[in-house]
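Q: after the sequence you'll find the predicted model.
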Protein chains: 2
Amino acid sequence: MVTEAAHKRLVQFQIKPSLQRIAVMNYLLNNRTHPTVDEIYSHLAKEIPTLSKTTVYNTLKLLVDQGAVLLLNIDKNTQHFDGDVAPHAHFRCIECGRIVDLPQPRVSKINVTGVGELQITECQVYYKGYCADCRNAKIQA
Amino acid sequence: MVTEAAHKRLVQFQIKPSLQRIAVMNYLLNNRTHPTVDEIYSHLAKEIPTLSKTTVYNTLKLLVDQGAVLLLNIDKNTQHFDGDVAPHAHFRCIECGRIVDLPQPRVSKINVTGVGELQITECQVYYKGYCADCRNAKIQA
DNA sequence: CTTTGTGCAAATTCTTTGCACCAAA
DNA sequence: TTTGGTGCAAAGAATTTGCACAAAG
């Protein structure tokens, strides 16, 4: 498997590249579906049978803390993760739950005046609604 | 206590105005701090000793489903609720956790082209960073 | 009555923690 | 050998569910 990019990303964010960490990072880089902990674990467990969900949690926490990965709270129940840390918005379909990226250019890491001086370090824009598939399904029904 | 506004809001969104529902809605209208279920429950339990947390959950779910209240997922662990359903952004301080409103004008309920046709029904913008107080505290430390 | 709301307790789910073992430097 | 990573099992926390009782029409 090709894991150079994952390895590089880890090193870049000062994370020691263990087998498991590379696997998680690699999964996130190759699967831009904003997977949950469970999805990541389920897939990787096939390749790494000894893998523990705790390790996936540990690794994701580390990745998020170091800024190598984005944590999305768009879903009420579960955390979703995004290997793309560049500024962009998200859209979540109310019907099927899929989360897609929106290439929305927007400001980030800026100072906003108003309620005192807020030092913005992160900005996440969440849209919800119906994706094309579900919308069509609704119309036909 | 003044609860006309709360009562009106419930009726407006076709929710039968029970004592508990009015109390929850009223609390949200008078406390723009984006409280959690627990905060709402704790405060209301003083006025209504028989109040159950389940009822608070039930009520909030109903309010959110009917669109009378906004559910925020800005916080990883807990749900926050907002009685202000008009479009606006939120800022959450990384340090103290407080969530404040940002009077940010933005588009909502629009159609976006790109990943098929997305029918947007809701948009939440989340900023994170340091509020004035915590920023000052950091500087002095 | 009949329907709807309330609230207790138990169950569920996601996530974290404590601790022991393993691996690399 | 010392540090850091992994993984199992248990704990924890937020939320949901099942069900019985109470209230309103």
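A: Nice, thanks for sending it over.
Q: so does stretch A:68-79 get close to chain B?
A: Yes - judged by Cβ under 8 Å from any Cβ of the partner chain, stretch A:68-79 and chain B are in contact via A:71, A:73-76, A:79. Where C-beta positions appear, they are placed from N, C-alpha and C, glycine not excepted.
Q: in these, find the pair that's most separated.
A: A:Leu71 and A:Lys76 (14.4 Å; Cβ to Cβ).
Q: these two: which has the busier surroundings?
A: Taking neighbours as other Cβ atoms under 10 Å in any protein chain shown, A:Leu71 and A:Lys76 compare with A:Leu71 leading, 16 against 9.
Q: contacts for whichever strand or helix holds that one, please.
A: A:Leu71 is located in strand A:70-72, with elements delineated by DSSP states H and E. Strand A:70-72 is touched from outside by A:34, A:60, A:64, A:79-85, A:90, A:99, A:124, A:126, B:76, with contacts defined as Cβ atoms under 8 Å, 6 or more residues apart in numbering or on different chains.
Q: that one near DNA strand C anywhere?
A: No - Strand A:70-72 does not reach DNA strand C (Cβ under 7 Å from any atom of the strand); its nearest approach is 9.0 Å.
Q: what do you get for stretch A:87-103?
A: No - using Cβ under 7 Å from any atom of the strand, stretch A:87-103 stays clear of DNA strand C, coming no nearer than 11.8 Å.
Q: what is the residue nearest the centre of chain A paired to in the beta sheet?
A: For chain A, the residue sitting closest to the mean C-alpha position, by Cα atoms, centre = their mean, is A:Asp82 at 1.6 Å. Beta-bridge partners for A:Asp82, by DSSP bridges, are A:Leu70.
Q: dump the residue contacts of it.
A: A:28, A:32, A:34, A:69-72, A:90, A:101.
Q: which SS state does A:Leu51 fall under?
A: coil (DSSP: H, G, I helix; E, B strand; the rest coil).
Q: distance check, it against DNA strand D.
A: Using Cβ to the nearest atom of the strand, to the nearest Å, one gets 5 Å for the distance from A:Leu51 to DNA strand D.
Q: what number of residues lie near that residue?
A: 20.
Q: do the same with A:Ile74
A: 22.
Q: domain boundaries for chain A, per the record?
A: Per automatic domain parsing, the structural domains of chain A span A:4-82, A:88-140.
Q: CSV for these, including mean pLDDT?
A: CSV is the format used below for the domains of chain A (pLDDT from 0 to 100):
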stretch, mean pLDDT
domain A:4-82, 95
domain A:88-140, 78
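Q: nearest to B:Leu51, of those?
A: Proximity to B:Leu51 (Cβ to Cβ) singles out domain A:4-82 among the domains of chain A, at 23.3 Å.
Q: one step back: got a quick PyMOL command for the buried subset of the contacts of strand A:70-72?
A: Buried residues within these, by 16 or more other Cβ atoms under 10 Å in any protein chain shown, are selected in PyMOL with:
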select buried, chain A and resi 34+60+64+79+80+81+82+83+90+99+124+126
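Q: among the contacts of strand A:70-72, which lie within strands?
A: The members of these that map onto strands under DSSP state E are A:80-82, A:90, A:99, A:124, A:126.
Q: what is A:Val125 paired to in the beta sheet?
A: With DSSP bridges as the rule, A:Val125 is bridged to B:Val125.
Q: for A:Thr50, see how far away it is.
A: Distance, A:Val125 to A:Thr50, by Cβ to Cβ, to the nearest Å: 39 Å.
Q: got it, and A:Thr3?
A: Distance from A:Thr3 to A:Thr50, by Cβ to Cβ: 18 Å.
Q: same question for A:Ser42.
A: From A:Ser42 to A:Thr50 the distance is 15 Å (Cβ to Cβ).
Q: higher neighbour count, these two?
A: A:Ser42 (14 against 7).
Q: need the helices for chain A, in chain order.
A: Per DSSP state H, chain A carries helices over the ranges A:4-12, A:19-30, A:37-47, A:53-66, A:132-140.
Q: can I assume A:Ala68 is in contact with A:Phe81?
A: No - contact criterion Cβ atoms under 8 Å: A:Ala68 and A:Phe81 do not qualify, at 10.4 Å.
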